[in-house]
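Trainee: Pasting the sequence and the predicted coordinates here, then a few questions.
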Amino acid sequence: MKLNAIAVLIIRCLSAGLGFIITAEVTNNLNQSEVGIYFYLLSFIAVMSALTSFGLNNIVLREVASNSIYANEILNTSILMIIIGALISLPIAYVFLLNEELTEYGFVIGVILSIALINLISHALQGIGRAKQAIFFGGVCFQFIYLLLVTTVNSSTLIEFLGFYILSYISTLVIIIALWIKVSGFKFAIDKNYKPYLKAAFPLIAFQLFQEINMAIGQLSLGIMDYKNELAIYAVCFKISTLIGFIGFAINRVYSPEFAKANAGNDRVKLQQLILKARNFSVVTATPIIILACLFAEPLLSFFGQEYIQYSWYLQLALIAQVLTLLNGTLAYFMIMCGFETIYKNQIIFSCLFSFSFAYLLIDVAPLIIALVAFVFIQLWPLIFSIRFIQRELNIQYLKRK
């Protein structure tokens, strides 16, 4: 399992590097206000993709991991439900952009369905034990295509960047569908009894939706309140800080199916061992990256433009805050794979509503600081709750040293 985790980590390092280059390409070709609009739109698209997914991503992961023989049937049924979800989310998305006076970029909502389907198939691949392929083709592939397009054409306008963003995701969707057919074999099977999917997915619709809002709380708060320049600074600093976040993503992709299997076998000892291994691997891997990134904060920011260098202090705070994201992410997957998604969802909704209300009311006082504080609370509350919950319900000591 450690070898798989390391392999996935290497792929995520590549993804983080590509994300770094792409962000630098955007910030060096657009002015600060346009950069703010760009990241505001991307955050909005991420939230709408989560709504379109109908909460099925983690359901597919769990069900495919437990019943791989029915993988095609589970995935095909979920795809049809997501297409229905798109019919609901796309009009909502357009109305929102209309209200924000951003309809000139309305074409970007066309990518919502592609992102939702890519995420779904990626989770299915992970469920059949193809974590490395899921991460590479579910994320890195898009970045390769996007970077190739924007650099080849030498994009210099926001419209061009958004257009290539859509084209890159559509291309990635075609590739990941081909991969799924290759590794699982094509079988057009649909589970006509869709009610169990809806019953399991509905609690997770809110979870995935609010989870995306939580991750983008700062960008959404700054964007809605029209702090586009501050949004650009926030987005750049947090893009760099995800050099830590990708570690958790990689580890979760490897350990999540194992959490599900151990829980299915009611093996509490195994669950204790797995969560501690995931925690330890996360902390050990993240610590040197945090230290190095904090020491070289100014040189890192210089890649994105001279106007960002003065915010090295903000980058350092964002890096430290990502530790909470790392630990919280692992516990989130643990709770879901153990069947506590509804309970965890409630904590996500509470932390999201509280943080957004806090940011909305106080963002004018100090936009960057308030956005950061809102992000920290969103990570800290579910983390504390989950640690106490698994100790009480499963007798799992998360704070145990070994």
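Mentor: Ah, there it is.
Trainee: for the stretch 201-350 of the chain, what spans make up the helices?
Mentor: 217-224, 228-264, 268-295, 297-302, 312-337, 341-362 (DSSP state H, counting those that start in this stretch).
Trainee: now those helices in JSON lines, with distance to residue 67, mean neighbour count and mean pLDDT?
Mentor: Any C-beta I mention is one placed from the backbone N, CA and C, and that applies to glycine too. Converted to JSON lines, the helices of the stretch 201-350 of the chain look like this (distance: least, CB to CB, whole Å; neighbours: other CB atoms under 10 Å; pLDDT from 0 to 100):
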{"stretch": "helix 217-224", "distance to residue 67": "36", "mean neighbour count": "24", "mean pLDDT": "87"}
{"stretch": "helix 228-264", "distance to residue 67": "10", "mean neighbour count": "24", "mean pLDDT": "81"}
{"stretch": "helix 268-295", "distance to residue 67": "20", "mean neighbour count": "17", "mean pLDDT": "86"}
{"stretch": "helix 297-302", "distance to residue 67": "45", "mean neighbour count": "17", "mean pLDDT": "92"}
{"stretch": "helix 312-337", "distance to residue 67": "14", "mean neighbour count": "22", "mean pLDDT": "88"}
{"stretch": "helix 341-362", "distance to residue 67": "18", "mean neighbour count": "18", "mean pLDDT": "86"}
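Trainee: Can you convert these into a markdown table and add a column each for distance to residue 160?
Mentor: Shown next, in a markdown table, are these (distance: least, CB to CB, whole Å):
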| stretch | distance to residue 160 |
| --- | --- |
| helix 217-224 | 21 |
| helix 228-264 | 18 |
| helix 268-295 | 30 |
| helix 297-302 | 25 |
| helix 312-337 | 28 |
| helix 341-362 | 31 |
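Trainee: closest to residue 135 out of these?
Mentor: Evaluated with CB to CB, the helices of the stretch 201-350 of the chain place helix 228-264 nearest to residue 135, the distance being 5.8 Å.
Trainee: re the thing from before, so which of the helices of the stretch 201-350 of the chain comes closest to residue 127?
Mentor: helix 228-264 (6.3 Å).
Trainee: Determine the angle, from 0 to 180 degrees, between that closest one and helix 268-295.
Mentor: 160 degrees (axes from the mean of the first three to the mean of the last three CA atoms, to 10 degrees).
Trainee: quick one: the strands in the stretch 1-150 of the chain?
Mentor: Using DSSP state E, counting those that start in this stretch, no strands are found in the stretch 1-150 of the chain.
Trainee: need the helices for it, in chain order.
Mentor: Using DSSP H, counting those that start in this stretch, helices in the stretch 1-150 of the chain cover 2-29, 32-52, 57-66, 71-99, 112-127, 131-135, 141-152.
Trainee: And those helices: which comes nearest residue 312?
Mentor: The nearest among the helices of the stretch 1-150 of the chain, by CB to CB, is helix 2-29 at 15.4 Å.
Trainee: can you tell me which residues contact the residue nearest the centre of the chain?
Mentor: Nearest to the mean C-alpha position of the chain, by CA atoms, centre = their mean, lies residue 212 at 6.6 Å. Residue 212 makes contact with 46, 47, 49, 50 under the criterion CB atoms under 8 Å, 6 or more residues apart in numbering.
Trainee: Out of the residues you listed, which one has the lowest pLDDT?
Mentor: Lowest pLDDT within the contacts of residue 212 is found at residue 50 (84).
Trainee: I'd say it and residue 214 touch.
Mentor: No. Applying CB atoms under 8 Å as the test, residue 50 and residue 214 come out as separate, 10.5 Å apart.
Trainee: Look at those two and report which has more neighbours.
Mentor: Applying other CB atoms under 10 Å to residue 50 and residue 214 shows that residue 50 carries more neighbours, namely 27 against 24.
Trainee: Before I go, just wanted to say thanks for your time.
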